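> Please find the sequence and the predicted model below.
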Amino acid sequence: MKHIPFWVDDHSRPDGLTSDLPKETEYLIVGSGLTGLSAGHRLVGAGKTVTIIDSGEIAGGASSMNGGMVSPDVKAGIRTVLAYYGPRIAHEMWASTVRSVELVREIGKSPDIDAVIHEGGMAALGRGSRKLKEFDQTVQWYRNRFGVDWEVIDARDIDKIVGGDHFNVALFEPEGFGVHPARLSFGLAARVARQGAVLVDDCEAVSIERRSTGTRVQTKRGPIDAGEVILATNGYTTRQPSRELDRLIVSVGSYIIATEPLGEARASSVFPGGAMTYTRKRLLNYQRRTHDDRIILGGRRSLHPGLDLKDSARDLRQSLITYWPTLADAEITHVWGGKLAVPFDLTPHIGRIDGAWYAMGYAGHGVGLSCQLGHELAGMLLDEDPPSVYSEIEHDGRFYYTGGRPWFLTPASHLYRALDKLGV
Ligand SMILES: Cc1cc2nc3c(=O)[nH]c(=O)nc-3n(C[C@H](O)[C@H](O)[C@H](O)COP(=O)(O)OP(=O)(O)OC[C@H]3O[C@@H](n4cnc5c(N)ncnc54)[C@H](O)[C@@H]3O)c2cc1C
């Protein structure tokens, strides 16, 4: 079993993407995942000089290793956003999440990137009459307020979405789809480099200093002066370069296993319609089929970002064979894990802190939203767009968290597991 993302094993990072650190740039982007690349794409397209630095490899964070599952909405749920912020903010945010899905589809389908868009919708899976009622209420609510064409699938039709006996109800969102995350993010990185952006790997930003003419960022490779700085570090945010930002974002782990290729017939017996799926729980699982007929299953036993990969593989395989016992003999070929960023309100944010802009906090909905927020932030900075809706909402920390190691993840995981067991 390989301890690397299947996607990166399947499609490696192109050579020749990176350069040395320049001394100055109009825009410095810290973090080379989809947020940074999307912002960089728009800025360099507008004729600006752009430098994107990463402490590790280019697009080596969550963007190249995720589940590749794309659908609208934010983690908190637009219903919560409506209750907190009212109809204008909720409708603008919903429209932005819908655009995020289209943006990824457009980038992924472009011939220079070809990120294997896997149409087939997104489905939340569940069991029993209580789940059916919950799905019914959810669909009605979203239909009435946001005009979605989602549907509830009951036991009569569940085999169009998922095989096996474990699940018997689903909430189906037809606009959802799957993408190959390594092809998407490495392809976008290659495009941005071709357009003239400078990409620098192994270049951690350690501090930011505001000066009269702009901003100086100290990096592990030396200083760079920038007109504006964008922090796009999401789940990999630490106290460097911004201690203040670290207080606002909690890094949570997510882990994935991939089976060996199962062949078309066997993969179709699990996912007949090609939908991306997930279980609607606090410690949820997500599952999909790949272009080469593997089954991928992700999730976590605990919210901690540092779980042992062998233990994670064992736990995830247990979920896999609970859902589909016929997969008990399928070899697990890959296990990997990465970090996602969870803000306390479970809503993405664009903001300004310590003399830099930032866009992050997608909490597992980041494939579309990272592309969208990067695009929206760049539009704001170019004065082409009005302020993004994500910059209008408060971004608060909590008195009990000063950044660094989030002590509350273990008790929260215990609580979530217990509530999931009770089905509440
Ligand atoms: C295992 C997993 C599965 C997921 N599945 C899905 C899914 O199916 N659907 C979905 O919508 N979302 C999913 N997500 C979430 C999604 O992948 C992320 O929200 C999204 O990729 C975030 O993109 P980003 O560019 O903001 O951050 P990242 O891609 O994580 O990039 C951040 C980068 O910042 C760099 N960095 C950090 N600090 C510094 C510094 N000081 N100096 C320089 N560089 C720095 C890091 O090295 C990293 O490369 C998943 C996440 C994980 C981990």
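Perfect, I can see it now.

> Send me stretch 286-306 as CSV with only the CA atoms.
Below are the C-alpha coordinates for stretch 286-306, written out as CSV (Å, rounded to 0.1, in the frame of the first residue of the first chain):
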residue,chain,number,x,y,z
TYR,A,286,-17.2,10.5,1.0
GLN,A,287,-17.0,8.0,-1.8
ARG,A,288,-16.6,7.9,-5.5
ARG,A,289,-15.5,6.0,-8.5
THR,A,290,-12.4,7.0,-10.5
HIS,A,291,-11.7,7.1,-14.2
ASP,A,292,-9.9,3.7,-13.9
ASP,A,293,-12.7,2.1,-11.9
ARG,A,294,-11.2,2.3,-8.4
ILE,A,295,-13.4,3.1,-5.5
ILE,A,296,-12.1,6.0,-3.3
LEU,A,297,-13.4,6.5,0.2
GLY,A,298,-12.4,9.4,2.4
GLY,A,299,-13.1,10.6,5.9
ARG,A,300,-11.6,10.4,9.3
ARG,A,301,-12.0,8.7,12.7
SER,A,302,-10.8,11.9,14.4
LEU,A,303,-10.5,15.5,13.3
HIS,A,304,-6.7,15.5,14.1
PRO,A,305,-4.5,16.3,11.2
GLY,A,306,-1.7,14.0,12.3
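
> Sort out which residues of that stretch are buried, please.
Buried residues in stretch 286-306, counting neighbours by 16 or more other Cβ atoms under 10 Å, are found at 286-290, 293-305. Where you see a C-beta, it was placed from the backbone N, CA and C, and this is true even at glycine.

> Just confirm yes or no for that stretch near the ligand.
Yes - residues of stretch 286-306 contacting the ligand under Cβ under 6 Å from any ligand atom: 286, 298.

> how far does that stretch sit from the chain's center?
Taking Cα atoms, centre = their mean, to the nearest Å, the mean C-alpha location of stretch 286-306 is offset from the chain mean by 13 Å.

> What of stretch 122-141?
23 Å.

> model confidence over that stretch, on average?
For stretch 122-141, the mean per-residue pLDDT is 96.

> who's in contact with it?
69-71, 79, 148, 150-154, 161-162, 166-173, 175-177, 275-280, 423 (Cβ atoms under 8 Å, 6 or more residues apart in numbering).

> Can you show me the CA trace of it as CSV?
Written as CSV, here are the backbone C-alpha positions of stretch 122-141 (Å, rounded to 0.1, in the frame of the first residue of the first chain):
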residue,chain,number,x,y,z
MET,A,122,-23.6,14.4,-6.1
ALA,A,123,-25.7,12.4,-3.6
ALA,A,124,-25.9,12.4,0.2
LEU,A,125,-26.6,8.8,1.3
GLY,A,126,-28.6,7.6,4.3
ARG,A,127,-30.7,4.8,5.8
GLY,A,128,-34.2,4.7,7.1
SER,A,129,-37.3,6.7,7.4
ARG,A,130,-35.8,9.4,9.6
LYS,A,131,-33.2,10.2,7.0
LEU,A,132,-35.8,10.1,4.3
LYS,A,133,-37.8,12.7,6.1
GLU,A,134,-34.7,14.9,6.7
PHE,A,135,-33.8,14.7,3.0
ASP,A,136,-37.4,15.6,2.0
GLN,A,137,-37.4,18.7,4.3
THR,A,138,-34.0,19.8,3.0
VAL,A,139,-35.0,19.5,-0.6
GLN,A,140,-38.2,21.4,0.0
TRP,A,141,-36.4,24.2,1.8
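
> hang on, the earlier thing: from the buried residues of stretch 286-306, which land in strands?
Within the buried residues of stretch 286-306, residues falling in strands by DSSP state E are 286-289, 295-299.

> Name the residues of stretch 319-332 that are buried.
Buried residues in stretch 319-332, counting neighbours by 16+ other Cβ under 10 Å, are found at 319-320, 323-324, 327, 330, 332.

> Now the two most distant members of those residues.
Pairwise distances across these peak at 14.4 Å for 323 and 332 (criterion: Cβ to Cβ).

> and the contacts of stretch 122-141, which are buried?
The neighbour count (16+ other Cβ under 10 Å) marks 69-71, 148, 150-153, 161-162, 167-173, 175-177, 275-279 as buried among the contacts of stretch 122-141.

> List the residues that contact the spatially closest residue to residue 186 that is not a sequence neighbour.
Closest residue to residue 186 apart from its sequence neighbours, by Cβ to Cβ, 6 or more residues apart in numbering: residue 13 at 5.1 Å. For residue 13, the contact set (Cβ under 8 Å, 6+ apart) comprises 57-60, 64, 182, 186, 189.

> what's whatever residue of the chain ends up closest to the ligand sitting at in phi/psi?
In the chain, the residue found nearest to the ligand is residue 366; the distance is 1.7 Å by Cβ to the nearest ligand atom. Main-chain dihedrals, residue 366, degrees, to the nearest 10: phi -90, psi -10.

> How many residues are close by it?
Residues lying near residue 366 (other Cβ atoms under 10 Å) number 27.

> Equivalent analysis for the one 4 residues further on, please.
By the measure other Cβ under 10 Å, the count of residues near residue 370 is 32.

> What of residue 118?
The local packing of residue 118 (other Cβ under 10 Å) involves 20 other residues.

> Okay, domains of this protein per the record?
The chain breaks down into these domains under automatic domain parsing: 6-66+182-249+345-417, 118-178+251-343.

> who wins for proximity to residue 110 among these?
Evaluated over those, closeness to residue 110 peaks at domain 6-66+182-249+345-417, with 8.2 Å, by Cβ to Cβ.

> any chance you could map the strands in the stretch 301-424 of the chain?
Assigned by DSSP state E, counting those that start in this stretch, the strands in the stretch 301-424 of the chain fall at 332-343, 349-353, 356-360.

> Okay, angle between the lowest-mean-pLDDT helix or strand in the chain and strand 332-343 too, please.
Within the chain, confidence by mean pLDDT, DSSP states H and E is lowest for helix 409-422 among all helices and strands, at a mean of 80. If you take axes from the mean of the first three to the mean of the last three Cα atoms, to 10 degrees, helix 409-422 sits at 110 degrees to strand 332-343.
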